[in-house]
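**Student:** Here is my input, please return the structure:
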Amino acid sequence: MKIVRLLILLAVLVGGLVIGSLNSQPIEISLAFWVLKTTSGLAIIASLLVGALVGGGMVLAGLVVPMYAKLRRANKAASAAVSEPAATVQSPSPFDGR
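**Tutor:** Purely as a prediction, here's the structure:
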């Protein structure tokens with residue numbers, strides 16, 4: 001599994017280097033009070049990274065956190081259901097077996 005991760009990391013690194021080297025034109029990005037002077041390759045890579053982080057955050061907030069809350073509620077209900085019969089004392093049966 002570590003080899004697969006290393007190969008994926010290398011592929012992403014090589015892809016970033018290719019994008020950066022093929023897109024070396026200087027650009028200016030105008031923000032409200034700033035002007036960023038960078039290359040188009042770096043701007044592409046940065047926008048991909050920001051998009052991945054925002055998308056991951058949305059998935060985390062929209063799916064993962066509610067699923068963990070639902071799992072916690074289910075675990076509490078299951079532990080209460082398991083401990084409840086053990087806490088009750090069963091009364092002896094009126095049938096004495098004769």
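
**Student:** Could I get the buried residue list for stretch 15-27?
**Tutor:** Gly16 (16 or more other Cβ atoms under 10 Å). Every C-beta, even on glycine, is put in place using the N, C-alpha and C of the backbone.

**Student:** Please list the outside residues in contact with it.
**Tutor:** Outside stretch 15-27, the residues within contact range by Cβ atoms under 8 Å, 6 or more residues apart in numbering are 37-45.

**Student:** So which of these wins on neighbours?
**Tutor:** Using other Cβ atoms under 10 Å as the neighbour criterion, Gly41 leads the contacts of stretch 15-27 with 19 neighbours.

**Student:** Show the pLDDT at that residue.
**Tutor:** pLDDT recorded at Gly41 is 90.

**Student:** Please flag which of the contacts of stretch 15-27 sit within helices.
**Tutor:** Counting by DSSP state H, the part of the contacts of stretch 15-27 found in helices is 40-45.

**Student:** And the lowest-mean-pLDDT helix or strand in the chain, how far out from the chain middle?
**Tutor:** When the helices and strands of the chain are scored by mean pLDDT, DSSP states H and E, helix 65-87 comes last with a mean of 83. Relative to its chain's centre, helix 65-87 lies at 24 Å (Cα atoms, centre = their mean, to the nearest Å).
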